[in-house]
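In: Sequence and predicted structure, then a few things I'm wondering about:
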Amino acid sequence: MITEIQIHKPKPMVSINDAGVFDGTSSIGINIKTLEANGPVLITRFYIDGLLLLSALKRHLNNKLPNTTFKEQRAYRGAYHKMSNLVLIEIVAHRLHVKKAPAIGWLEKLYPETADFFLTFPQIQGLNSAWQWYKNGISIPLLRNKIHPYYGTYFPTRFDHLELFDQWLKRYNGPKKTAIDVGVGSGVLSFQMIAQGFQKVFGTDTNPNAVVGLNEFMGATKLSRKLELDIGSLFGKFDKQTELIVFNPPWLPESHLLDNMDQAIYYNENLFPDFFEAAKQRLLPNGKLVLIFSNLAQITNVTKGHPIEKELAEGGRFLLEKCYKKKVKGASEKTKRDQRWRASEEVELWVLIHNKITLLQSEN
Ligand SMILES: C[S@@+](CC[C@H](N)C(=O)[O-])C[C@H]1O[C@@H](n2cnc3c(N)ncnc32)[C@H](O)[C@@H]1O
């Protein structure tokens, strides 16, 4: 049975009721009052009018709400999020229905079934930035070609961990028949492995956008025969053992205090135990399990725990072969006052191997 893939995208509104109108001539104050009363406001003239209304809204909230403590900042962000998403813009024939608007290809690509609809202005801003990244591509040091991240897909903006992985891959002298890249994202680690001679890489991601985007990017090229993908959790449909398993997981534990539960950034308490249990089954007896991690959660006091150290201390499944650490570049100079912790930020590359004793026990 083929089930339709549900790409993550902002939900289109087919109609709106009783919206106020901001056409650049109407009073900003009145429109802000409308937003405060939970009423939508439609941008009808220039694209820039939307930007003007949102900056006026920020000024208004800055004057009205305290914004210093963590709790206040959260309330401020909540109010801004709610009110800014009442600012709407119309899309006609897959184009923004205002003058001097950017062309955003996602409107056609992500909404083939509806040409005319409404989205909120912040959603359009997100789609616009994502379109620039996708269309122009992003250069990643260490990769020969640019990546073109699909809408809603994680891509790296700092590269220290990729350097660590590159150094490790260059020294790796084991077999290079197959590898698994758990949480493939925009594919950077898989591309590194393929560049270093791996014949076949299997990649998974729970985020359908990552897999759809990578498949589209590869098309029918030679690359597409080397990288096979599946939408699914952890190892997805791939159950054959491989000589290398790589996972650059989310680095922060999820917390009920956060509004944003992005699965590329936050992990839940089951992710690591489930991953190590499944990895034990999927790793060949002499294979290597490579995890990329960081001390970010520890130095920002989010948690004292470290899921890989915990597995090594308590899991009994794997032994540590080596842990490489690297200071994050540019972290020590000119750090802002509230970001002093950045000076001690490090990325980590953990290389684990089977604990042969428990491996034998589980085979008997
Ligand atoms: C930090 S990003 C790393 C992406 C990419 N490997 C890289 O290094 O740039 C983590 C990725 O893991 C994916 N992910 C999170 N939980 C997952 C799970 N249970 N199974 C598979 N992928 C998952 C996220 O959607 C995200 O794409």
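Out: Cool, the structure landed.
In: burial count for the residue nearest to E254 when sequence neighbours are not counted?
Out: Of all residues not flanking E254 in the chain, Y266 sits nearest, at 4.0 Å (CB to CB, 6 or more residues apart in numbering). All C-beta atoms are positioned from the backbone trio N, CA, C, and that covers glycine. Neighbours of Y266 under the rule other CB atoms under 10 Å: 17.
In: My guess is Y266 contacts L296. True?
Out: No: judged on CB atoms under 8 Å, Y266 makes no contact with L296 at a distance of 11.7 Å.
In: Find residues that contact each of those two.
Out: Residues touching both Y266 and L296 (CB atoms under 8 Å, 6 or more residues apart in numbering): L252.
In: Got the phi and psi for the residue nearest to E254?
Out: Note on Y266: backbone dihedrals following degrees, to the nearest 10 are phi -110, psi 140.
In: Show the low-confidence segments of the protein, by residue range.
Out: 1-3, 256-261, 330-341, 359, 362-364 (pLDDT under 70).
In: which bits of it sit near the ligand?
Out: By the rule CB under 6 Å from any ligand atom, the part of the chain lying against the ligand is 154, 156, 182-185, 188-189, 204-207, 210, 233-234, 248-250, 263-264, 271.
In: From the residues you listed, which land in helices?
Out: Among these, the members falling in helices (DSSP state H) are V188, L189, A210, L271.
In: Test my guess that A75 contacts K64.
Out: No: the criterion here is CB under 8 Å, and A75 misses it with K64 at 11.0 Å.
In: and those two? which has more neighbours close in?
Out: A75 (15 against 11).
In: just checking, the more buried one is part of a strand?
Out: No: looking at A75 with DSSP: H, G, I helix; E, B strand; the rest coil, it is helix, so not inside a strand.
In: Just list the residues touching the nearest residue to it once chain neighbours are set aside, thanks.
Out: Closest residue to A75 apart from its sequence neighbours, by CB to CB, 6+ apart: L65 at 6.6 Å. The neighbours of L65, taking CB under 8 Å, 6+ apart as the test, are E72, A75, Y76, A79.
In: Now do the same for Q6: helix, strand or coil?
Out: coil.
In: beta partners for the residue nearest to E254?
Out: Judged by DSSP bridges, the bridge partners of Y266 are L252.
In: any idea how far it is from V328?
Out: As for Y266, its distance to V328 is 19 Å (criterion: CB to CB, to the nearest Å).
In: can you check D18 too?
Out: Relative to V328, D18 is positioned 50 Å away (CB to CB).
In: quick one, which of these two is more surrounded?
Out: V328 (19 against 7).
In: Hmm, that one is touching T157, no?
Out: No: counting by CB under 8 Å, V328 stays clear of T157, with 11.6 Å between them.
In: List the contacts of A279.
Out: Contacts of A279 (CB under 8 Å, 6+ apart): F235, I245, F247, L289, R317, F318.
In: Which elements pack onto the host helix or strand of V212?
Out: Here V212, judged by DSSP states H and E, is contained in helix 208-218. Here helix 208-218 touches strand 200-205, strand 227-231, going by 3 or more CB pairs under 8 Å, 6 or more residues apart in numbering; DSSP states H and E.
In: what comes up buried for that helix?
Out: Using 16 or more other CB atoms under 10 Å as the burial criterion, the residues of helix 208-218 that qualify are P208, N209, A210, V211, V212, G213, L214, F217, M218.
In: Buried ones among the residues of the chain next to the ligand?
Out: Among these, the ones that count as buried by 16+ other CB under 10 Å are 154, 156, 182-185, 188-189, 204-205, 207, 210, 233-234, 248-250, 263-264, 271.
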